[in-house]
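1. structure here, sequence nowhere to be found:
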């Protein structure tokens, strides 16, 4: 009988990779363990659909370039009629069933995309400077603060970028096929902060 399959992150780990740069952890880059993710699409002009989604998720669907949070899930705005619902791994199937049921009479779609992306955390005093090297979004605190979320390019690949704390700290979702490239890009870009110590 074959061994049970062990889920692996896109970089091949079971608990994710971690790298610290600088003597005072000036920049910390970590691959996060697997999480659940649902792509939610609905007409934002449909008040009944919005209300049904809100009741099911426990929070409002966020406005453009924002995110909301409730209990153990986060909802990120991806486009005019699209949101990403991030959940703990294993809870996405049940939530997907509840959302589909709540939106069954509406023009809406719920798709499990849990395996589509890798997730990285980038934190530390110089994390904003690190991300600025490859991102055109204005990350200055007066423009981009905790809860802001955008779809943008980082190191020439498409990512979802969300600020998670004023520290600053960020979460980055990247297509699974680009995970290794972005990890290498972040690692290379962070070397400057080691040299600056």
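-> Perfect, thanks for sending it. Small disclaimer: the values here were computed from a predicted structure and weren't measured.
2. what about the residue nearest to the spatial centre of the chain, helix or strand, and which?
-> Nearest to the geometric centre of the chain sits residue 173, at 4.2 Å (C-alpha atoms, centre = their mean). Remark: residue 173 resides in strand 169-175, with elements defined by DSSP states H and E.
3. for the protein, what spans make up the helices?
-> 47-57, 92-102, 127-132, 179-195 (DSSP state H).
4. deepest of the ones you listed, which one?
-> Among these, ranked by average contacts under mean count of other C-beta atoms under 10 Å, first place goes to helix 127-132 (a mean of 21). Every C-beta, even on glycine, is put in place using the N, C-alpha and C of the backbone.
5. what about residue 176, neighbour count?
-> Neighbourhood size, residue 176 [other C-beta atoms under 10 Å]: 14.
6. quick one: the helices of the chain as JSON lines, columns for distance to residue 118 and mean pLDDT too.
-> Converted to JSON lines, the helices of the chain look like this (distance: least, C-beta to C-beta, whole Å; pLDDT from 0 to 100):
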{"stretch": "helix 47-57", "distance to residue 118": "24", "mean pLDDT": "96"}
{"stretch": "helix 92-102", "distance to residue 118": "16", "mean pLDDT": "96"}
{"stretch": "helix 127-132", "distance to residue 118": "16", "mean pLDDT": "94"}
{"stretch": "helix 179-195", "distance to residue 118": "4", "mean pLDDT": "86"}
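7. so what's the residue nearest to the centre of the chain up against?
-> 84, 117-119, 159-160 (C-beta atoms under 8 Å, 6 or more residues apart in numbering).
8. go on, residue 164?
-> 121, 146, 170-171.
9. and stretch 54-67, how far out from the chain middle?
-> The chain centroid and the centroid of stretch 54-67 are separated by 15 Å, computed with C-alpha atoms, centre = their mean, to the nearest Å.
10. oh, I was asking about stretch 135-142
-> That offset, for stretch 135-142, works out to 17 Å (C-alpha atoms, centre = their mean).
11. before we move on, the earlier item: tell me how far the residue nearest to the centre of the chain lies from residue 124.
-> For residue 173, the distance to residue 124 equals 19 Å [C-beta to C-beta, to the nearest Å].
12. now do residue 85
-> Taken as C-beta to C-beta, the span from residue 85 to residue 124 is 28 Å.
13. residue 53 contacts residue 42, correct?
-> Yes - in this structure, residue 53 is within contact of residue 42 by C-beta atoms under 8 Å, at 6.6 Å.
14. any shared contact partners between those two?
-> Counting by C-beta under 8 Å, 6+ apart, the residues touching both residue 53 and residue 42 are 103, 108.
15. about what we covered before: can you redo the helices of the chain as CSV with distance to residue 8?
-> Formatted as CSV, these follow (distance: least, C-beta to C-beta, whole Å):
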stretch, distance to residue 8
helix 47-57, 29
helix 92-102, 17
helix 127-132, 26
helix 179-195, 11
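16. which of those sits closest to residue 37?
-> Among the helices of the chain, the nearest to residue 37 by C-beta to C-beta is helix 92-102 (6.6 Å).
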